[in-house]
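A.B. asks: Here is my input; please provide its structure:
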Amino acid sequence: MKTTIDIAKSLLDEARRQADRRGTTLRALVEDGLRRVLKADAKADDFRLRKVTFKGRGLHDDMAGAGWDEIRRRIYEGRGG
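C.D. replies: Next up is the predicted model:
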């Protein structure tokens, strides 16, 4: 399929030189680059943060309803923070 794209002349010139060095065509070089970008994007979309839990009983009763400032203060209490 034919299409037209506008790219910087310097980039096109470098791509042509690269294709020549590789002994391939500009078309093949562009298609390879597009495949790599699409594959990398698809791989990035697959990321899922794994579920991490802690053994214990959860938040202490005296911290229920505490805001982040209070929680942080208690974490660093007595540690010079």
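A.B. asks: use CA for all of it now, contacts and neighbours both
C.D. replies: Noted.
A.B. asks: longest single helix anywhere in this structure?
C.D. replies: Longest helix in the chain by number of residues (criterion: DSSP state H): helix 26-45.
A.B. asks: Following the chain past that helix, name the next helix or strand.
C.D. replies: Remark: after helix 26-45, the chain's next helix or strand is helix 68-76, criterion DSSP states H and E.
A.B. asks: Mind giving me the packing neighbours of that next one?
C.D. replies: With contacts defined as 3 or more C-alpha pairs under 8 Å, 6 or more residues apart in numbering; DSSP states H and E, helix 68-76 has no helix or strand neighbours.
A.B. asks: just for the chain, where's the confidence low?
C.D. replies: 45, 81 (pLDDT under 70).
A.B. asks: residues in contact with Ala19?
C.D. replies: By C-alpha atoms under 8 Å, 6 or more residues apart in numbering, the contact set of Ala19 is Thr25, Leu26, Leu29.
A.B. asks: now those residues as TSV including neighbour count?
C.D. replies: Formatted as TSV, the contacts of Ala19 follow (neighbours: other C-alpha atoms under 10 Å):
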residue	neighbour count
Thr25	14
Leu26	16
Leu29	17
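A.B. asks: Look through the chain and report the residue furthest from the middle.
C.D. replies: Asp62 (38.7 Å; C-alpha atoms, centre = their mean).
A.B. asks: Distance check, it against Ile71.
C.D. replies: Computed as C-alpha to C-alpha, to the nearest Å, the Asp62 to Ile71 distance reads 11 Å.
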